[in-house]
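Student: model this:
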Amino acid sequence: MDMLRSFKEELQRIYGRNDYWLVPVFRSLFSMLLLFLLCRYLQIEGKMANPMVILLLSLLSFFLPFSFLPCLAGIYLLYFFYLKSFLLLGIALVFFVFVFLIQSSVRGKYAVLLVAMPLCFFLGIPYFLPLLVGLTMGLPAVLSLGLGVMVYYFLKFIREYKEQLTLGGDLLEQFEGFSQKISPFVKNKELMLVLLIFCLAALAMYIIRNFSFNYSWELALVAGLILEVLLFVMYTALALKLNLGLALVSYLFSAVLAFCVLFFFRDADYRGTEFVQFEDDGYYYYVKAIPQKKSKSE
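Tutor: Alright, predicted model coming up:
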């Protein structure tokens, strides 16, 4: 354990000295991975899937904030939909405007969750992001997390019904029966279930970790993991398709990643807890001080 703490402290020192270039590099790699997996997931071919095009688009992220990534991915997808059909473009445009309007009501830095959630689904670790949000982000991030879930299931809907949505014909023929064509997405029980459980898990973790009792963060993580287990129960109750073996592996791996996040962000030594009281001209202050655990080398 002391070795892990020494490793954590060394990483923190390296990041503190080099964050001015480490963050842009990570942002570019994140963008590259996202675009690459989008191409694979939606079976995008031709020039749009060219590695050089993906690389050049990713390099834009080096100079722009994380909140730009959803815009980059959105423009990339809209151009792909435009090449396929006006119906697909119209559906996507309406959905993306809806997401943008809701996201604009919360802090811009959480916009990255709109693409981070689909990315976690593509990587097979969707259970991790609600735990990360609950442990490290503010309350408005729960809304962005929910929008990210919706974005993934919208892409899944496009992937499954792409053939029906790209049929030939004039513009009026393409938009005939619009409500019937969009209904598989609107009435998706799996979307509603995952949206509810993931947001509930992140919200519960946020509430619990903000209490002042000892081990509140650890208890928050346990609560989030228990709530996510409800997904397996509800999938069975609603007769939804689920590969239980892969889901359990994903869930366990996500739990390990979440405990690593907890270790790096909240490695507290509760045995050294102190309560401090002081005052100034206008206020009395009651402070609970919990020291961080340090490696024995220090």
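Student: Could you use CA atoms for every contact and neighbour count after this?
Tutor: Will do.
Student: Report the mean confidence score over stretch 216-232.
Tutor: Averaged across stretch 216-232, pLDDT comes to 93.
Student: What are the buried residues along it?
Tutor: Buried positions in stretch 216-232, judged by neighbour count with 16 or more other Cα atoms under 10 Å: 216-218, 220-225, 227-228, 231.
Student: List the contacts of it.
Tutor: For stretch 216-232, contacts defined as Cα atoms under 8 Å, 6 or more residues apart in numbering pick out 127, 131, 134-135, 193-194, 197-198, 200-202, 204-210, 244, 255, 258-259, 262, 266.
Student: Buried among these? Make that a ChimeraX selection.
Tutor: Buried residues within the contacts of stretch 216-232, by 16+ other Cα under 10 Å, are selected in ChimeraX with:
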select :127,131,134,135,194,197,198,200,201,202,204,205,206,207,208,209,255,258,259,262,266
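Student: Narrow the contacts of stretch 216-232 to those in helices?
Tutor: Cross-referencing the contacts of stretch 216-232 against helices under DSSP state H gives 131, 134-135, 193-194, 197-198, 200-202, 204-209, 244, 255, 258-259, 262.
Student: would TSV of the buried residues of stretch 216-232 with distance to residue 23 be doable?
Tutor: Formatted as TSV, the buried residues of stretch 216-232 follow (distance: Cα to Cα, whole Å):
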residue	distance to residue 23
216	30
217	26
218	28
220	28
221	26
222	30
223	31
224	28
225	29
227	32
228	30
231	34
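Student: Which of those residues sits closest to residue 87?
Tutor: Using Cα to Cα, residue 231 comes nearest to residue 87 of the buried residues of stretch 216-232, at 33.4 Å.
Student: Can you list the residue ranges for helices in the stretch 101-250 of the chain?
Tutor: 113-123, 128-136, 141-160, 162-165, 171-174, 178-186, 189-209, 216-237, 244-265 (DSSP state H, counting those that start in this stretch).
Student: Format those as CSV; extra columns: distance to residue 277.
Tutor: Converted to CSV, those look like this (distance: least, Cα to Cα, whole Å):
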stretch, distance to residue 277
helix 113-123, 39
helix 128-136, 27
helix 141-160, 33
helix 162-165, 63
helix 171-174, 70
helix 178-186, 54
helix 189-209, 23
helix 216-237, 22
helix 244-265, 26
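Student: Out of the ones you listed, which gets the lowest mean score?
Tutor: Among the helices of the stretch 101-250 of the chain, helix 171-174 has the lowest mean pLDDT, at a mean of 59.
Student: tell me, what residue is most central in the chain?
Tutor: By Cα atoms, centre = their mean, the chain has its centre lying nearest to residue 117, at 3.3 Å.
Student: How about the secondary structure of residue 278?
Tutor: Counting by DSSP: H, G, I helix; E, B strand; the rest coil, the backbone at residue 278 sits in strand.
Student: Could you find the closest non-adjacent residue to it?
Tutor: residue 285 (5.2 Å; Cα to Cα, 6 or more residues apart in numbering).
Student: can you tell me how far the residue nearest to the centre of the chain sits from residue 98?
Tutor: Using Cα to Cα, to the nearest Å, one gets 17 Å for the distance from residue 117 to residue 98.
Student: next one: residue 256
Tutor: According to Cα to Cα, residue 256 and residue 98 sit 35 Å apart.
Student: try residue 51
Tutor: Separation of residue 51 from residue 98 (Cα to Cα) stands at 31 Å.
Student: coming back round to it: surely the residue nearest to residue 278 forms part of a strand?
Tutor: Yes - looking at residue 285 with three-state DSSP, it is inside a strand.
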